[in-house]
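[1] Dropping a prediction and its sequence here:
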Amino acid sequence: MEFLASLMPLPLAVHAPAIIVVTPLLMAAIAALMPNGRLGWVVTLVSTVFTGLLALSLIVDVQSAGVIFYAMGGWAPPAGIEFRIDALNAVLLLVIAALGLLSVIYALPSVADEIAEGRQALFYSAFLVCFAGLVGVAITGDAFNMFVFLEISSISTYVMVGMGADKDRRALTAAYNYLVLGTIGATFFVIGVGFLYMATGTLNMAGMASRLPDLSDSRVVQAAFAFIIVGLGLKAAMFPLHLWLPNAYAYAPNFVTSFLATTATKVAFYTLVRFLFDVFWPEAPFVAISFFWVFAILGIIGMVVASVQAVFQDDARRLLAFSSVAQVGYMMLGLGIGTAAGVSAGMLHLVNHAMMKGALFMALGAFAVRFGIRRISDLNGFGQTMPLTSAAFTIAGLSLIGVPMTVGFWSKWYLGVAALENGWWWAVAALILSSLIALAYIGRMLAAIWMAEPPHDKTGGIAHARAPWLMLGPLWVLAIANIWFFFQPDFLISLTNAAAEAAFSGVTR
Amino acid sequence: MSWTPEIALIAALVIPLTGGLFVGLLGKYPNLREGATLTAAVLLAVNVAYLVSVTGERPELIYEIGSTGLSFGLKLEPLGALFAAVASGLWIVNSIYSIGYMRGNKETHQTRFFFFFTIAIAGAMGVALASNLLTMFLFYEALTLSTYPLVAHKGDAKARRGAAIYLSILLGTSIGLFLPAIIATQFIAGSTDFTVGGLLNGQASPLVASVLLVLFAFGIGKAALMPVHPWLPNAMVAPTPVSALLHAVAVVKAGVFSILKVSTYIFGPELIQAAPASNWLAWIAAISIVLASIIAMSSNNLKRRLAFSTVSQLSYVTLGAMIAAPLALLGAALQIVMHAWGKITLFMCAGAIYTASKKTEISDMRGLGRLMPWTFGAFAVGAFAIIGLPPFGGMWPKLFLMMGAASTGQLALIGALILSSILNVAYLLPIPGRGFFDPAPKEGLKQPGPLLVVLPPVITAAGVTILFFLIGPLTEFLAPVFGVEL
Amino acid sequence: MIELLAERFNYIIVIILMMTGLYAVVATGNLVKRLVGLSLFQTSVFLLYITIGKVSGGQPPILPEYSESYGGSNAGETAMAAASPAAEAAEGAVSQGEALQNTAEAIYSNPLPHVLILTAIVVGVATLAVGLALVVRIRETYGTIEDEALNQADYAAENARRSA
């Protein structure tokens, strides 16, 4: 990796934080001009590979230098916008870059199947804008800039979700509702940022952080905190602010769902961590209260209630969408534990969940490309019809439950250990309860896939099919990652521990 | 390359897995496929015999998972070696029997059946050889999952319902109770390794130990302690070879073996005796023993009667583990061996009767013994062994359990044991009795069952008789684990 | 009390607008009206930002030696002055941070909120455009833009599919 980084020309290396955001934005315009979807895909692939490499070099730099500062346009903060990358957002950068690249590889057959030919290039363009927005949120060090990037990614997401209408018209209403709620969330966030600006006179997160401790009694600051938590909670689909998510995930094009489920809510979760621990500080009375009363409690309710809701879904993707809400609950619980171990466990689950949910949604997309399935009963006998895809789905499903030998086990293990260190044995009980419910809903799907008789074709034989290699490749990369990182967890754990440490050491220099 | 104990440990898992692979690949050639099963069974038995011979060296293999403090590991110790030997030895007999049964009854999906069978054996080997709770848990769940398709084998509504109950109870208890207990153990002791003298001994107060003990006792649902036993009678929808090997030997014995291993190596006898819960659990076990015997008496379906008999007999092991006196523990360990041989005989006889006459209800079996003397003879021997009459192996565990209970002064438990034996007589002996002494049914039988189905129960019946005389070496082998003085 | 409110009457306006917008979003089933409410809600936040940028007695932040070359500056100044009473209340908190930035001697209004809100307006317009585009598509597909009618249409379609 270091070798790769050293190959990079100097201007590129110096301006990498800017280029990593600008590249997909510019390429989005180029992708929109492409005459057909295939060329649009090539442009997208090239730009995600390029940003992926840049992200890798940035992550390597962070590991050696600690923190990277980059003043946008040479304007130093507080006047200018600063990009700031430390161990915390390096993890996010890694997740976005890796999952973005995998989803894009996966996209070609899936998009060709689901989006009308004339709109495919525009669709890729929207994806690149979203990708740029997410990367921007992850690396910016400026609160208002974070709002702008959040909206860049959100608006393009609404568009992409709405494009699912070619397959199911409900995508339109889902996108509309997502737009309304997402905009309310973003506006709440920006109100909070405005209050912080009133109180501190700066928009730079480090600057805010250095001034806020003197203002802990200020109502303005406390109101800002409340607004920001609600706003970001909406974006992160924190229970009970998750109402937009199930329909958006269920009716969006498959590729969009697998990309969103692995990155968008993750980025919103990261912004929560950043604000709770770095802009505000965990010892502040109102922050400390929120750990237990907001994050732990709502996280636990979310992971149980949403899991139960998942059990009763008929639509396979809606089921996984409710499961995603439950998984956000796990991350919130990690946050709510409020210790470095808890945050680390939450971040670990963030990465792991990206791997397992990505694989699950990708597998459903592969089923859909071949057989156009939506409902769980449509999955009957797929173990015989599409064995390769089904096997990957099974691995990821087991990981979601948290079975040992899959990476999901570590999520729950470290969450449990962090909770026990706080003496929160009831949180462990809730974890296990929720895992049991996960067993029920994943078990339902696995039973349909492996135990039910497959539908027979006209000749009486079993239809056999294989998903396109471009879909199977990323799917199996994720499935194997789910197993690999169980046996070699040190890499992930050192990353998330460093992230938690960075969160606790704060953004002030 | 010489065969070292470490390689043999891995081989105990690899042989059945490879066997399963070949079974899957050779699905289109039934004879070759069965050849693969038998080869794997024989190789495994040889390998386990080697392991038994080197148990004294306590070989182990540990894989540390990164820096997480958890590890997967295999370690050989006498209890595990004994369980592995029983399971692998009976697998050979049962393989022969399965082939005869599956072909004799023209069952479908035979490849799937033999495939999951070998996987289940690998799971049982893993449970036997695990060096810590985490590893044991993993193989325990693998055993549950791999036997699910076997239980649901017939694929009709009844089989699926039975299999669903089977799966939900076993997974539910293991994830809901067993796993939390493991997490708590790791949290208290910083490890889950099986340790001579008890990992938690000295680290957990009797009160905490009580809570954990209850979690383990009910969390290890395979031990079928009432009220988590309903999965076992429901699993009887499976083909008989599955009931024979898995629900008399591999699966249920994996359960009670886990309980015994947890109480010996995680708690240690001292801590168990200090924990108030052990006394209650001993009573729950005693109640299970008697209650299940009574239910068995009222069942007319032979397999169901045998299933409840199993529930009852399994609780002997739990009872021994909860009394935790050296002799009681020894009795519990012996019960694993003796009951396995006895009960597999009974199940294989039930299957042989079904194959020959298609009869499943006990009331229909009058006089059949005259037509199938070998089968009913083996059944009688198995029944004597379960009851605990000399000269059959089943006598020893009951004797040691009673001596153990006496040594701690829990005389009421002895009463329960005696009562149970009387009930055993009442529900087991009438079957061969009526079979032999009632007049033979008029319609007769075409033939007394294929040889491959009749021979195995005769072999195991002979085995359970021989085991009576092998008590010396067995106790010698086990004594150091429990500190029994010979 | 009245004095207190009068001092902060820009906030009162902002709060009234904000709640009106939010209420409209929740209360109406018409998708277009809902977007109107959403825009109102967003606009109130723009107002909040802009009013807190005003420093009492402050001039437009243009360095004096250049101000003459920009013809429009005077007009801007008068406009600002007219608005100043409304914004005075907010000045205290911001001026603290403001002091760090102002090196010139003259008192300037804080230009940063204006710049921010320009960006936010762009975001708001984009959201509105996407939202209206979606409404157009919904109208094309369903033939209605009333929330309840949409739900019924989906429900009926689902039932029809199940019975089929």
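    In hand now; what should we look at?
[2] Name the residue of the stretch 151-300 of chain A that lies nearest to chain C.
    Closest contact between the stretch 151-300 of chain A and chain C, by Cβ to the nearest Cβ, is at residue A:201 (1.2 Å). Placement of C-beta: from N, CA and C, glycine included.
[3] For that residue, give me the backbone phi and psi.
    Torsion angles at residue A:201 (phi, psi; degrees, to the nearest 10) stand at phi 80, psi 20.
[4] so the residue in the stretch 201-350 of chain A positioned nearest to chain B is in which element?
    Closest approach between the stretch 201-350 of chain A and chain B, counting by Cβ to the nearest Cβ: residue A:348, at 10.9 Å. Using DSSP states H and E, residue A:348 sits in helix A:340-371.
[5] next one: residue A:286
    Residue A:286 is part of helix A:285-290, with elements assigned from DSSP H and E.
[6] So for that helix, mean pLDDT?
    Mean per-residue pLDDT for helix A:285-290: 87.
[7] right, and the helix or strand after that helix?
    Tracing the chain C-terminally past helix A:285-290 and defining elements by DSSP H and E, one meets helix A:297-311 next.
[8] quick one: is that next one near chain B?
    No: using Cβ under 8 Å from any Cβ of the partner chain, we find that helix A:297-311 stays clear of chain B, coming within 12.8 Å at best.
[9] Following element in sequence after that helix, please.
    Later in the chain than helix A:297-311, the nearest helix or strand by DSSP H and E is helix A:316-337.
[10] How about residues contacting the helix holding residue A:286?
    Residues outside helix A:285-290 that contact it (Cβ atoms under 8 Å, 6 or more residues apart in numbering or on different chains) are A:216, A:222, A:225, A:229, A:276, A:280-282, A:338.
[11] buried residues in that helix?
    Going by neighbour count (16 or more other Cβ atoms under 10 Å in any protein chain shown), the buried part of helix A:285-290 is A:287, A:290.
[12] How far does it sit from its chain's centre?
    Centre-to-centre, helix A:285-290 and its host chain are 26 Å apart (Cα atoms, centre = their mean, to the nearest Å).
[13] Quick one, grab the pLDDT at residue 44.
    All of this refers to chain A. On the pLDDT scale, residue A:44 is placed at 93.
[14] To clarify, I was referring to chain C.
    Residue C:44 is assigned a pLDDT of 93 by the prediction.
[15] Contacts only, for the spatially closest residue to it that is not a sequence neighbour.
    Among residues not flanking residue C:44 along the chain, residue C:17 sits closest, at 3.6 Å (Cβ to Cβ, 6 or more residues apart in numbering or on different chains). Residues near residue C:17 by Cβ under 8 Å, 6+ apart: C:40-41, C:43-44, C:47.
[16] how about low-confidence regions in the chain?
    As the question left the chain open, I've gone with chain A. Chain A contains residues with pLDDT under 70 at A:1-8, A:10, A:457-461, A:507-509.
[17] nope, chain B please
    B:1, B:444-446, B:448, B:485-486.
[18] Of all the residues in it, which one is nearest chain A?
    Counting by Cβ to the nearest Cβ, chain B gets nearest chain A through residue B:66, at 3.8 Å.
[19] So that residue, which state does it fall into?
    When classified by DSSP: H, G, I helix; E, B strand; the rest coil, residue B:66 comes out as coil.
[20] That one and residue A:492 touch, don't they?
    No: the criterion here is Cβ atoms under 8 Å, and residue B:66 misses it with residue A:492 at 9.0 Å.
[21] OK, contacts around residue B:240?
    For residue B:240, the contacting residues are B:101, B:303, B:347-348, B:350-351, B:354, by Cβ under 8 Å, 6+ apart.
[22] actually residue B:241, sorry about that
    So residue B:241 contacts B:94, B:97-98, B:101-102, B:117, B:348, B:351 (Cβ under 8 Å, 6+ apart).
[23] how close does it get to residue B:368?
    Applying Cβ to Cβ, to the nearest Å, the value for residue B:241 to residue B:368 is 20 Å.
[24] what number of residues lie near residue B:197?
    14 (other Cβ atoms under 10 Å in any protein chain shown).
[25] Then residue B:3?
    The number of residues near residue B:3, taken as other Cβ under 10 Å, comes to 11.
[26] Mind checking what secondary structure it has?
    Under three-state DSSP, residue B:3 falls in the coil class.
[27] Enumerate the residues of chain A near chain C.
    Selection of chain A residues close to chain C by Cβ under 8 Å from any Cβ yields A:78-79, A:144, A:147-148, A:151-152, A:155, A:158-159, A:162, A:165, A:169-170, A:172-173, A:175-176, A:179-180, A:183-184, A:186-187, A:190-191, A:194, A:197-203, A:220.
[28] out of those, which are buried?
    Judged by 16+ other Cβ under 10 Å, buried ones among these: A:78, A:144, A:147-148, A:151-152, A:155, A:158-159, A:162, A:165, A:169-170, A:172-173, A:175-176, A:179-180, A:183-184, A:186-187, A:190-191, A:194, A:197-203, A:220.
[29] Could you measure from residue A:208 over to residue B:5?
    Relative to residue B:5, residue A:208 is positioned 63 Å away (Cβ to Cβ).
[30] neighbour-wise, which of those two wins?
    Between residue A:208 and residue B:5, counting by other Cβ under 10 Å, residue A:208 is the more crowded of the two (28 against 18).
[31] any idea what sits nearest that one, other than its immediate chain neighbours?
    Among residues not flanking residue A:208 along the chain, residue A:200 sits closest, at 4.9 Å (Cβ to Cβ, 6+ apart).
[32] same deal with residue C:147?
    residue C:29 is the one closest to residue C:147 (Cβ to Cβ, 6+ apart), at 3.9 Å.
[33] Next up, the contacts around the one you found.
    Applying Cβ under 8 Å, 6+ apart to residue C:29 gives the contacts C:146-148.
[34] which among those end up buried?
    Buried subset of the contacts of residue C:29 (neighbour count, 16+ other Cβ under 10 Å): residue C:147.
[35] Now pLDDT and secondary structure too, for the contacts of residue C:29, in CSV please.
    Below are the contacts of residue C:29 laid out as CSV (pLDDT from 0 to 100; DSSP: H, G, I helix; E, B strand; the rest coil):
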residue, pLDDT, secondary structure
C:146, 90, strand
C:147, 87, helix
C:148, 89, helix
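[36] Export the contacts of residue C:29 to JSON lines and append columns for distance to residue A:488.
    Formatted as JSON lines, those follow (distance: Cβ to Cβ, whole Å):
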{"residue": "C:146", "distance to residue A:488": "55"}
{"residue": "C:147", "distance to residue A:488": "50"}
{"residue": "C:148", "distance to residue A:488": "54"}
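[37] Go through the contacts of residue C:29 and say which is closest to chain A.
    Nearest to chain A among the contacts of residue C:29, counting by Cβ to the nearest Cβ, is residue C:147 at 8.5 Å.
[38] what's near enough to touch the closest one?
    With contact taken as Cβ under 8 Å, 6+ apart, residue C:147 is in contact with C:29-31.
[39] and if you look at residue B:264?
    Listed by Cβ under 8 Å, 6+ apart, the contact partners of residue B:264 are B:79, B:198, B:321, B:329, B:481-482.
[40] how near is residue B:389 to residue B:463?
    Per Cβ to Cβ, residue B:389 is found 16 Å from residue B:463.
[41] what do you get for residue B:41?
    Residue B:41 is 15 Å from residue B:463, by Cβ to Cβ.
[42] do residue A:499 as well
    Separation of residue A:499 from residue B:463 (Cβ to Cβ) stands at 60 Å.
[43] Please name the spatially closest residue to residue A:383 (chain neighbours excluded).
    Counting by Cβ to Cβ, 6+ apart, residue A:383 lies nearest to residue A:450, which is 4.2 Å off, once chain neighbours are set aside.
[44] quick one: residue B:382 and residue B:461 touch, right?
    Yes: between residue B:382 and residue B:461 a contact is recorded at 5.9 Å, counting by Cβ under 8 Å.
[45] Kindly report the residues of chain A close to chain B.
    A:403-405, A:410, A:413, A:416-417, A:420, A:428-429, A:432-433, A:435-436, A:439, A:443, A:451, A:486-490, A:493.
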